[in-house]
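K.L.:
sequence first, then the predicted structure, then my questions.
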Amino acid sequence: MRGISKISENLSSWNVIYTRSRAEKKVAELLSATGITAYCPVKEEIRQWSDRKKKVQKPLLPSMILVREDSFKDDELFCHAGVVGFMSYKGKRARVSQKEVEVLDEFIRGNYTINTSSICIGGQIEVPVLKKAGKVIKIKGNACWVQLANTGISVSFSFK
């Protein structure tokens, strides 16, 4: 749960598990304690109450965690409170590759750089983390929307 560097030894794929609402971190801890390799990507936010500010870790994927495919048996997984089921895609279990998990972790840690001088509407840039080329279609403040080449999919990211 702390980060992907500790769990990236094996290049197997990962399953996406649904959890009860707001139980992601707890379920990942329970699974890890029983020897199942679980990853709950989190982002740190500053939350403000009327009397104080506090840093909190919020799950990046609400009600979902990633579980390495070769680290569990189905009956072991569903005996833990908070595990709801597998995410599916086209009738099969959704799988995430090790490379995609590493890219997600790199994004969370902020290990990317952007040359802000090359960002202009209509210009071509490489989208950070995804490492895909695209055309800038909108800039607002420190946010940029890019249409990825060959896919037509638009993504956005913030820069400083």
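P.N.:
That came in fine, so what should we check first?
K.L.:
okay, domains of this protein per the record?
P.N.:
5-109, 116-158 (automatic domain parsing).
K.L.:
next structured bit after the longest helix belonging to the chain?
P.N.:
For the chain, the helix with the greatest residue count under DSSP state H is helix 98-109. Following helix 98-109 in sequence order, the next helix or strand is strand 124-127 (DSSP states H and E).
K.L.:
give me the contacts around the following helix or strand past that following strand.
P.N.:
Once strand 124-127 ends, the next helix or strand along the chain (criterion: DSSP H and E) is strand 132-140. The contact list for strand 132-140 (CB atoms under 8 Å, 6 or more residues apart in numbering) reads 119-127, 144-149, 154-155. In short, each C-beta sits where N, CA and C put it, glycine included.
K.L.:
give me the buried subset of the residues you listed.
P.N.:
125, 127, 144, 145, 146, 155 (16 or more other CB atoms under 10 Å).
K.L.:
for these, which one is nearest residue 66?
P.N.:
residue 155 (20.8 Å; CB to CB).
K.L.:
surely the closest one and residue 129 touch.
P.N.:
No: counting by CB atoms under 8 Å, residue 155 stays clear of residue 129, with 9.8 Å between them.
K.L.:
sorry, back to before: now render the domains of the chain as a markdown table, adding mean pLDDT.
P.N.:
Compiled in a markdown table, these are given as follows (pLDDT from 0 to 100):
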| stretch | mean pLDDT |
| --- | --- |
| domain 5-109 | 88 |
| domain 116-158 | 83 |
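K.L.:
would you list every one of the helices in this structure?
P.N.:
24-33, 74-77, 98-109.
K.L.:
as a quick check, tell me the outermost residue of the protein.
P.N.:
Most distant from the centre of the chain: residue 51, at 31.5 Å, with distances by CA atoms, centre = their mean.
K.L.:
for that one, give its distance to residue 130.
P.N.:
41 Å (CB to CB, to the nearest Å).
K.L.:
now swap in residue 52 and tell me
P.N.:
37 Å.
K.L.:
of these two, who's got more company?
P.N.:
Between residue 52 and residue 130, residue 130 has the larger neighbour count (other CB atoms under 10 Å), namely 15 against 7.
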